[in-house]
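# After the sequence you'll find the predicted model.
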Amino acid sequence: MAHCGDSTRGQYINTLDAINIATGWCETRAVINKAQKHVFEALKKIRELLPFPLLGIDSDNGSEFINAELLRWCEEEHLAFTRSRPYRKNDGCHVEQKNWSVVRQNVGYKRLETQAELTLLNELYDALRLHTNFFMPSVKIERKERDGARIIKRYSDPITPYRRVLASEHVDKESKARLAALFDTLNPIEIRRQITTLQESLRLIKV
């Protein structure tokens, strides 16, 4: 996700958005530009933040992902590495949805390009990850039914990514216990205040 404002000239900050489809868990990190070394470091940071082991990466087709260094790392770490089909933007629909609901709705469309903005944006993402994953329920499509020319979608009950992780049989008990212990320390009102303060600080920075 580019934070270029109304011009793509020069260097500007980008956001890397990572989604676990099974649980809806979302992690976002900002990078100063799309150079592969910055994206690579952000990916490693996201891996540290995930409440479960990273088993694979399914990226888009940008050169920041499709490069020898990332492929070599995935092979060394025994991570599956796949990519979306060219010119099929809907292959990344889960990421696109979070780019809107998490990134654009909380960061906006302002051009961001300085180190100070990068630091503030990642502080904002540190708070947003707690708000989004622990306190924001979402639904998932369970099935689709055809009624003549209409497609009717049936959704699950709303549930937070945190609750989906706890309910998953693929996440070990130790990881669930650590996540539950973190949840017990969180105050959603205080997190929301922190988000608002960081958003205001980011808005007031003059380039």
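In hand now; what should we look at?
# Point to the helix or strand of this structure where mean pLDDT is at its lowest.
None of the helices or strands of the chain scores lower by mean pLDDT, DSSP states H and E than helix 93-98, at a mean of 78.
# which is the next helix or strand following that helix?
Next along the chain after helix 93-98, taking DSSP states H and E as the criterion, comes helix 105-107.
# List the contacts of the most far-flung residue of the chain relative to its centre.
Going by Cα atoms, centre = their mean, the residue of the chain most distant from its centre is residue 148, 36.7 Å out. Not one residue lies near residue 148 by Cβ atoms under 8 Å, 6 or more residues apart in numbering. Quick note: C-beta positions are derived from backbone N, CA and C, even for glycine.
# for residue 162, same thing?
When contacts are counted by Cβ under 8 Å, 6+ apart, residue 162 touches 133-134, 179, 183.
# what's the answer for residue 63, then?
By Cβ under 8 Å, 6+ apart, the contact set of residue 63 is residue 36.
# what's the helix or strand for it?
Using DSSP H and E, no helix or strand contains residue 63.
# pLDDT wise, what is it at?
According to the prediction, residue 63 has pLDDT 70.
# What of residue 181?
97.
# ok, and for the host helix or strand of it, which residues are buried?
Per DSSP H and E, residue 181 falls inside helix 173-184. Across helix 173-184, burial judged by 16 or more other Cβ atoms under 10 Å covers 175-176, 179, 183.
# tell me which of these is nearest to residue 108?
residue 183 (28.8 Å; Cβ to Cβ).
# what residues are up against that closest one?
Counted by Cβ under 8 Å, 6+ apart, residue 183 has contacts 134, 162.
# Over to the one 3 residues further on?
For residue 186, the residues meeting the contact criterion (Cβ under 8 Å, 6+ apart) are 130, 134-135.
# where exactly do the helices run in the chain?
36-49, 68-76, 93-98, 105-107, 115-135, 161-167, 173-184, 188-204 (DSSP state H).
# which outside residues touch the shortest one?
Applying Cβ under 8 Å, 6+ apart, the set of residues contacting helix 105-107 from outside is 3, 15, 121, 124, 128, 195, 199, 202.
# How about the fifth one?
Around helix 115-135, the neighbours that count as contacts under Cβ under 8 Å, 6+ apart are 3, 13, 15, 25-32, 49, 102, 106-107, 112, 160-162, 183, 186, 188, 191-192, 194-195, 198-199, 201-202, 205.
# Show me what counts as buried in it.
So helix 115-135, judged by 16+ other Cβ under 10 Å, has buried residues 117-118, 120-134.
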